[in-house]
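Peer 1: pasting the sequence and the predicted coordinates here, then a few questions.
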Amino acid sequence: MAAADRLSAARDALAEAEAAASPSGLRPTREAEPDPHSVARRIVLRQLAMGPRTRRQLEDKLRERGCEPDVAARVLDRMGEVGLVDDEAYAEMFVRSRQETKGLAAGALRHELRHKGVADDIVDAALEEIDPEREREQARALVARRLRTMRGLDREVQTRRLAGFLARKGYGPGVALQVIRDALDGLPEHARD
């Protein structure tokens, strides 16, 4: 028996068993096609249950799952009205969180938020909250922590590696080089006689 025939026979046997088990003995009817708004709403709520998302991330997920654009827009508009989808709140939370946990600077945060689909004006507003002196202190702490693993290396090698490290974290060259220079000048192995 071919695989398709076995599948069809199994389906028929299952339908007969369900019909026999139902009180009326009739075959169950197929349910009507689900409401597209309900499907889209469930997808969005499932995504939000996993963690905060931007509107564009949710739009992308809905498009990926085959939702019509007008249905997706209406569902996301409604979610925005009730406060479940809020790119401004997302950006503020993201900036605070990534600064504290990853030590990211404004440059890297801007890049990540744009990648997530947050509008430039919202990104700019969220990044206004960053204190330049606090950012410099974070850079100092990151360099101090990373320097512990670089003992015995040449100053140029340390500078190059630390500059690359801070660049990946989004720190500008001016801040990075000043912080690196100060940290290396403070090491006994690089003290000038």
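Peer 2: Looks like it arrived, so ask away.
Peer 1: outline the domain layout of this structure.
Peer 2: The chain breaks down into these domains under automatic domain parsing: 52-130, 131-193.
Peer 1: need these in JSON lines (columns: mean neighbour count).
Peer 2: For the C-beta atoms, the positions are set from N, CA and C on the backbone; glycine is no exception. Formatted as JSON lines, the domains of the chain follow (neighbours: other Cβ atoms under 10 Å):
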{"stretch": "domain 52-130", "mean neighbour count": "16"}
{"stretch": "domain 131-193", "mean neighbour count": "14"}
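Peer 1: could those go into TSV alongside mean pLDDT?
Peer 2: Formatted as TSV, the domains of the chain follow (pLDDT from 0 to 100):
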stretch	mean pLDDT
domain 52-130	94
domain 131-193	89
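Peer 1: closest to Ser38 out of those domains?
Peer 2: For those, proximity to Ser38 was assessed by Cβ to Cβ; domain 52-130 is nearest, at 9.3 Å.
Peer 1: end-to-end on the closest one?
Peer 2: Length of domain 52-130, first residue to last, Cα to Cα, to the nearest Å: 21 Å.
Peer 1: off-centre distance for it?
Peer 2: Chain-centre distance of domain 52-130: 9 Å, with Cα atoms, centre = their mean, to the nearest Å.
Peer 1: ok, stretch 134-141 next?
Peer 2: For stretch 134-141, the distance from its own C-alpha centre to the chain's C-alpha centre is 24 Å (Cα atoms, centre = their mean).
Peer 1: likewise stretch 150-158?
Peer 2: 35 Å.
Peer 1: show residues contacting it.
Peer 2: 147, 161-162, 180, 184, 189-190 (Cβ atoms under 8 Å, 6 or more residues apart in numbering).
Peer 1: in JSON lines: these, plus distance to Ala126.
Peer 2: Listed next are the contacts of stretch 150-158 as JSON lines, based on distance: Cβ to Cβ, whole Å:
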{"residue": "Leu147", "distance to Ala126": "31"}
{"residue": "Arg161", "distance to Ala126": "30"}
{"residue": "Leu162", "distance to Ala126": "27"}
{"residue": "Ile180", "distance to Ala126": "27"}
{"residue": "Leu184", "distance to Ala126": "33"}
{"residue": "Glu189", "distance to Ala126": "40"}
{"residue": "His190", "distance to Ala126": "38"}
